[in-house]
Structures are given as structure tokens and as C-alpha cells.
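[1] Everything below, folded, please.
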Amino acid sequence: MATTRSDIRHLTGLSRTAVAARVAELAQRGLVVERQEGLSTGGRPPTLLAFNADAGAVLGAAIGRSRTHLAVCNLAGRVLAVTDIDEHVGVGPDDLMPQLVKRLEALISDAGLQPTDVHGVGVSLPGTVDRERGCSLDSPVMSGWDGVPLAPYFQDLTAAPVLVDNDANVMALAERHGEYRGMDDLILLKISTGLGAGLICGGVLQRGAVGAAGEFGHNKTAAAHGLTCRCGDTGCLETIAAGWALVRTLREQGHDVGHLRDVVDLANRGDAEARRLIRESGRHVGEVVAPLVNLLNPAVVVVGGDMIGAYDLLVAGLREALYGNATALATRTLQVVPATDGERSSVIGTVALILDTILDPEAIDASLQSAR
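    Residues are numbered from 1 along each chain as shown. Sure, this is the predicted structure:
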């Protein structure tokens with residue numbers, strides 16, 4: 001979107017001299033460019049200014065238990081290069097992170113860029129995250145990652161800021177930056193190996209007092225009474241609805257499955273038990289999420305995670321329970337939709353996370369001040 005210097009003066013209340021100085025600084029850094037002159041309304045035609053999305057790049061890394069998605073994007077979030085890393089479950093940060101950084105370095109080169117072009121790095125992890133230290137916090141999912149800051153692993157690649165957040169949170173950001181831009185009330189449900197939610201209320205991502213908002217997978221439900229969860233407690237929703245529980249059940253029945261993706265594949269090939277388990281997972285999730293819909297009254301519930309590979313089965317159960325247990329008013333205009341970016345939702349979200357920070361007006365101002 002292009003604008004003019006007079007538009008900027010009108011919006012900011014700055015003087016002509018101040019606007020000219022600020023625009024000159026931004027142009028020198030390549031963040032804005034001059035386009036063809038606009039139509040004259042009398043006098044000298046105005047020069048149009050536009051944000052230069054190709055003035056740099058950002059990196060995204062969505063770390064999972066068995067697969068990590070990586071991306072290089074421009075400053076508008078357009079994907080320039082992507083790749084995946086498949087890792088064995090239980091891999092520690094000292095084994096995965098150096099490999100991850102090397103792959104990002106190769107992606108930067110593939111995109112025709114240099115490490116000096118990188119303006120920031122966004123990283124997501126399953127489970128609760130300590131954003132101040134940039135590490136996993138009390139996560140039963142990522143053994144060996146708790147308390148290990150991730151930013152130092154990037155120090156030989158870039159001095160740009162590194163931000164770490166929960167995977168469901170960044171998936172919610174991806175939706176609000178994309179298909180549901182401007183949607184102020186949105187719930188993102190990640191239904192995968194584990195369960196989690198990203199909550200956007202009043203246009204603000206809600207993380208909670210210690211970053212644990214959205215951990216609905218550990219809500220207690222009568223259907224899971226007495227079942228032990230991987231968090232160490234009993235009766236959690238995850239024990240009957242999460243991907244790890246479905247894998248466990250099918251293994252006990254003699255199926256050769258190692259990951260939720262195998263369960264989804266079985267279901268899509270017509271296996272009756274896999275199909276039943278996925279539909280039941282959706283129903284259990286819907287029952288637990290219905291009070292959340294009553295409480296927050298979102299406009300849309302976005303469903304993401306590996307289980308959306310069998311989306312129709314999953315959402316058939318979810319809709320049944322959600323609409324059956326939430327109030328008629330809260331669900332009157334409620335949309336239930338699949339994640340826009342599919343399996344890459346998390347990595348697109350990590351890019352949204354870092355762009356929100358580095359392109360914030362205060363961050364831009366601080367950067368210009370430090371360069372003077």
C-alpha cells in the first residue's frame with residue numbers, strides 16, 4: 001500500500017521537516033521506496049512512498065516432536081524458501097538446533113540472500129514457553145528442552161532478535177495475519193500429537209500469567225476418568241483425544257502405527273477403527289471446548305494440527321459436541337474452519353510472530369535511533 005508524505009503528516013501530526021527526515025532514514029535503510037508520482041490535484045504531483053518488503057528477510061522454525069518446519073520469508077511474510085527436518089522423538093536441543101541452524105543457512109542461500117539480510121527469527125515449541133528466557137517451560141512433550149534458551153544457537157548465524165512462543169499461539173497469529181486478518185475474536189485449536197489452543201480476544205493474543213493459556217488438553221473430563229496422562233496427572237482430555245493416545249490405542253490393537261500421521265493415513269484408507277477414533281477425538285474436544293466458546297464468544301474456531309489430514313471425520317464429531325453443548329447464541333454465527341496453511345501453519349505463525357515485533361513502530365524508531 002502506497003502513501004504520500006502529506007498523508008503521513010496528517011496521520012502523525014509531525015512537521016514537514018520531521019516527516020522528510022524520517023522518510024529519508026527509512027529510505028536509506030531500504031524499508032521504504034519511492035514509486036511513480038501520484039495524480040496532481042494542483043501544483044507539484046506527490047511522490048508515492050511504499051513499504052519495501054524485500055528490504056530483508058525473517059526466519060521461521062516450528063519445532064515439533066518428530067518434525068520441524070523451516071522457512072525464509074520477506075518482510076511481508078511471503079515465503080521465499082521452505083524445508084522440513086524429520087527427527088526421532090526425544091531428540092534434544094544440542095542435537096537438533098545445530099542441524100536446524102545449518103538448514104536455515106542453506107535456505108537463506110537458496111533464497112539468494114545473505115545472513116546479513118536477516119532481521120529476525122521466530123521459533124515455536126509445543127507446550128508452555130518462557131518467552132523472557134526463550135525456552136520451554138515445564139513441558140511433558142519436549143523432554144530435555146526445559147530451561148534451555150534457544151537464542152544462543154543462532155548467534156553464529158545472525159545477531160537479529162530471536163523470539164520463542166507456543167505453537168498454538170503462533171498458529172493463531174498466522175490466521176489473524178492471513179485469512180482472518182482483522183478478526184478480533186478467534187480460537188485456534190491445535191489437534192495433533194498433543195492438544196492446545198491459541199486465543200485471540202479483543203484483537204490481542206492471550207498468553208496468560210505464566211504463558212500457560214490455551215492448555216485445554218489437560219482439562220479434566222469424565223470420559224478420561226482414571227486414565228494417566230503424559231503430564232503425570234489423571235483424567236486429562238489428552239488421554240482420550242490427543243494423537244499420542246490414538247496411536248497407543250491402535251498399537252494395543254495390533255496396528256503398526258508410530259505417529260498420528262499413520263493413524264490419519266489408516267483412516268483415509270478406510271480403516272474403521274482409525275476413523276472411529278478420530279471422530280471420537282473431535283467429539284471429546286468439542287465437549288471440552290464448548291464452555292470456552294460460551295466464555296469467549298469467538299467469531300471463528302480454526303482447527304489445525306496433524307489430525308486435520310482427516311478433517312471431515314474430525315470436525316463431524318467436533319461440531320456435533322460443540323453445537324450440542326455451547327449456547328445457541330454463542331454458536332449462532334460461529335464458523336468452524338480448517339487452518340489456512342495446513343501443516344505449515346506453525347512456521348507461518350513464527351514468521352508473523354517476529355514480524356509483529358520488528359515492524360512495530362516503536363521497534364523501528366528504536367532501530368533508527370541506534371543507527372544515528
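[2] So, low pLDDT: which residues of the stretch 51-200 of the chain?
    Applying pLDDT under 70 to the stretch 51-200 of the chain flags no residue at all.
[3] Would you state the helices of it in chain order?
    Secondary structure of the stretch 51-200 of the chain (DSSP state H, counting those that start in this stretch): helices at 93-110, 167-177.
[4] from these, which stretch is densest packed?
    Most buried of the helices of the stretch 51-200 of the chain by mean neighbour count (mean count of other Cβ atoms under 10 Å) is helix 167-177; its value is a mean of 28. Backbone N, C-alpha and C define where each C-beta goes, glycine included.
[5] which residues sit against it?
    Contact partners of helix 167-177, identified using Cβ atoms under 8 Å, 6 or more residues apart in numbering, comprise 62, 64, 77, 122, 124-126, 182-183, 186-190, 196-200, 205, 207, 214, 302, 304, 339-341, 345-346, 348-353, 355-356.
[6] contacting residues around the closest residue to residue 251 other than its chain neighbours?
    Sequence neighbours aside, residue 257 is the residue nearest to residue 251 in space, at 6.2 Å (criterion: Cβ to Cβ, 6 or more residues apart in numbering). Going by Cβ under 8 Å, 6+ apart, residue 257 touches 247, 250-251, 263, 266.
[7] Without its sequence neighbours, what residue ends up closest to residue 129?
    Spatially, and ignoring its direct neighbours in sequence, residue 129 is nearest to residue 166 (5.0 Å; Cβ to Cβ, 6+ apart).
[8] Quick check: that neighbour vs residue 190, distance?
    The gap separating residue 166 from residue 190 is 9 Å, by Cβ to Cβ, to the nearest Å.
[9] Name the residues contacting each of those two.
    196, 198.
[10] per-domain residue ranges of the protein.
    Domain assignment of the chain by automatic domain parsing yields the ranges 2-51, 57-167+346-371, 180-339.
[11] Now those domains in TSV, please, with extra columns for distance to residue 174.
    Shown next, in TSV, are the domains of the chain (distance: least, Cβ to Cβ, whole Å):
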stretch	distance to residue 174
domain 2-51	20
domain 57-167+346-371	4
domain 180-339	8
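[12] in whichever helix in the chain runs longest, what's buried?
    Longest among the helix segments of the chain by residue count, using DSSP state H, is helix 272-296. Residues of helix 272-296 classed as buried: 274-275, 277-290, 292-293, 296 (neighbour count, 16 or more other Cβ atoms under 10 Å).
[13] tell me the average confidence for whichever helix or strand comes after that helix?
    For helix 272-296, the succeeding helix or strand toward the C-terminus, using DSSP states H and E, is strand 300-304. On average, the pLDDT along strand 300-304 is 98.
[14] just checking, what packs against strand 300-304?
    helix 167-177, strand 186-191, helix 311-325, strand 335-338 (3 or more Cβ pairs under 8 Å, 6 or more residues apart in numbering; DSSP states H and E).
[15] Just give me the neighbour total for the closest residue to residue 144 other than its chain neighbours.
    Nearest residue to residue 144, sequence neighbours excluded (Cβ to Cβ, 6+ apart): residue 92, at 4.1 Å. By other Cβ atoms under 10 Å, the residues close to residue 92 number 12.
[16] I'd say residue 92 and residue 153 touch.
    No - using Cβ atoms under 8 Å, residue 92 is not in contact with residue 153, being 11.9 Å away.
[17] Need the overlap of contacts for the two.
    The contact lists of residue 92 and residue 153 share no entry, where a contact means Cβ under 8 Å, 6+ apart.
[18] Am I right that residue 356 is in a helix?
    Yes - under DSSP: H, G, I helix; E, B strand; the rest coil, residue 356 sits within a helix.
[19] State the distance from residue 110 to residue 341.
    Look at residue 110 and residue 341: by Cβ to Cβ, they are 20 Å apart.
[20] thinking again about what came up before, does anything pack onto the longest helix of the chain? Which helices or strands?
    Secondary-structure packing of helix 272-296 (3+ Cβ pairs under 8 Å, 6+ apart): strand 186-191, strand 195-201, helix 238-241, helix 243-252, helix 260-268, helix 311-325.
[21] follow-up on the earlier one: ok, which of the helices and strands packed on strand 300-304 comes nearest residue 86?
    helix 167-177 (17.0 Å; Cβ to Cβ).
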